[in-house]
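1. structural data only, the sequence is not supplied:
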């Protein structure tokens, strides 16, 4: 019997309640212009620019670092930062000074570069440390003032509800799997499918770098991961990043042992369990293919031909997934032979179940075989008789 998922009745039933922790309530207005009064008041910061650039370009950085640092790593880091500024940032400052733009973004970029030079000189020229500290403070103060001209403040909307796309599967072991709307490798099965194909084509064992070699198979490792999550009733922030990878974070975060952030939020836990069990079910089929066929590479080619190498068809016809074609039209595609009995609750609630012939591993002649397309017709005739 296939579990009935009430979440499929309405897309609004299923969302992830996340929080946008990066929204600081400020938006930059591009092409905003700095008042002429600001230029006049801070003229010194623009006139000093050529002198700071000239000093910077005339430093023998290698000699200075050799005389100043014994630690090789510190020396290398300092030299690397010097050349990065010289190659990536100074050209911009020089162009700016030769043709001053009074838009906020251009001036902020220039002031940031000059502030970096001041900090650099403060570390290098201890006898003038106070002078460069003063310049650095002036540059920072000017940057803060400009941000008043080119920034709009608003009340940030911290709540970030992530509604899941209408792209669902029911796994063979009765979990709800959503493919998401990005190609994040932890969630999208296509990434690991390609990894599996590469292993089979190269006659290598099927592995996944996420798990250690203590497990006899990748599918076993995923299933153990699923059991641990269900037993604990939570997922860690590491699990969240591995399988979902949203920029926003889950609400209701707490910590175990005051160290590891976790969430017990129901939908976050369920969606991750769906991803994990989907991975387990897909790996399980191809692990069986390698064990129970004489020539896995040849049988894989046959599967690719029968399914046009379409990951959706492979999941349904080979791996035993049930694809929810549309929650609006209430249609599901399955390769389950006894689907009328297995999907009885769905059928009673108005769902249409479509059947496609399964592709199975024949353990007797050790090949993959496709059920005949008219299999159901033959079965119905036999039932009547």
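-> Received, thanks. Predicted, not measured: the structure shown is a model, and the values here were computed from it. Numbering: from 1, shown residues only.

2. and residue 231, how close does it get to residue 273?
-> The span separating residue 231 from residue 273 equals 12 Å under the rule C-beta to C-beta, to the nearest Å. C-beta coordinates here come from the backbone N, C-alpha and C atoms, glycine included.

3. the two: who's more crowded?
-> For residue 231 against residue 273, the residue with the higher neighbour count under other C-beta atoms under 10 Å is residue 273, and the figures read 21 against 8.

4. can you give me the pLDDT of that one?
-> Note on residue 273: pLDDT of 98.

5. what comes up buried for whichever helix or strand it is part of?
-> Mapping residue 273 onto the secondary structure by DSSP states H and E places it in helix 266-292. Residues of helix 266-292 classed as buried: 267-290, 292 (neighbour count, 16 or more other C-beta atoms under 10 Å).

6. leaving out chain neighbours, which residue sits closest to the most centrally placed residue in the chain?
-> Here the mean C-alpha position of the chain is nearest to the C-alpha of residue 245 (C-alpha atoms, centre = their mean), at a distance of 3.7 Å. Nearest residue to residue 245, sequence neighbours excluded (C-beta to C-beta, 6 or more residues apart in numbering): residue 184, at 4.7 Å.

7. pull the distance from stretch 3-22 to the chain's centre.
-> Its chain's average C-alpha position is 18 Å from that of stretch 3-22, according to C-alpha atoms, centre = their mean, to the nearest Å.

8. average pLDDT across it?
-> Averaged across stretch 3-22, the pLDDT comes to 83.

9. which residues are in contact with it?
-> When contacts are taken as C-beta atoms under 8 Å, 6 or more residues apart in numbering, the neighbours of stretch 3-22 outside the stretch itself are 156-164, 166, 168, 170, 174, 176, 178, 244, 246-251, 265, 267-268, 271, 324, 327, 345-346, 349.

10. hmm, 7 Å instead?
-> Taking contacts as C-beta atoms under 7 Å, 6 or more residues apart in numbering, the residues outside stretch 3-22 that touch it are 158-164, 166, 168, 174, 176, 246-251, 265, 267-268, 271, 324, 327, 345-346.

11. buried ones among the residues you listed?
-> Buried residues within these, defined by neighbour count using 16+ other C-beta under 10 Å: 160, 162, 164, 168, 176, 246, 248-250, 265, 267-268, 271, 324, 327, 346.

12. which ones among those map onto strands?
-> 160, 162, 168, 176, 249, 250, 324 (DSSP state E).

13. and the protein, split by domain according to the record?
-> In terms of domains, the chain is parsed into 6-18+162-384, 31-153 (source: automatic domain parsing).

14. from these, which stretch is densest packed?
-> Neighbour counts (mean count of other C-beta atoms under 10 Å) averaged over each of those peak at domain 6-18+162-384, with a mean of 17.

15. contacts only, for residue 281.
-> Residue 281 is in contact with 171, 172, 173, 319, 320, 321, counting by C-beta under 7 Å, 6+ apart.

16. how far is stretch 194-212 from where the chain is centred?
-> Per C-alpha atoms, centre = their mean, the centroid offset for stretch 194-212 relative to its chain is 21 Å.

17. one step back: farthest pair within the buried ones among the contacts of stretch 3-22?
-> Across the buried ones among the contacts of stretch 3-22, the longest distance by C-beta to C-beta is 34.6 Å; it joins 249 and 346.

18. hang on, isn't residue 219 packed against residue 285?
-> No - Residue 219 is not in contact with residue 285 according to C-beta atoms under 7 Å; the separation is 8.7 Å.
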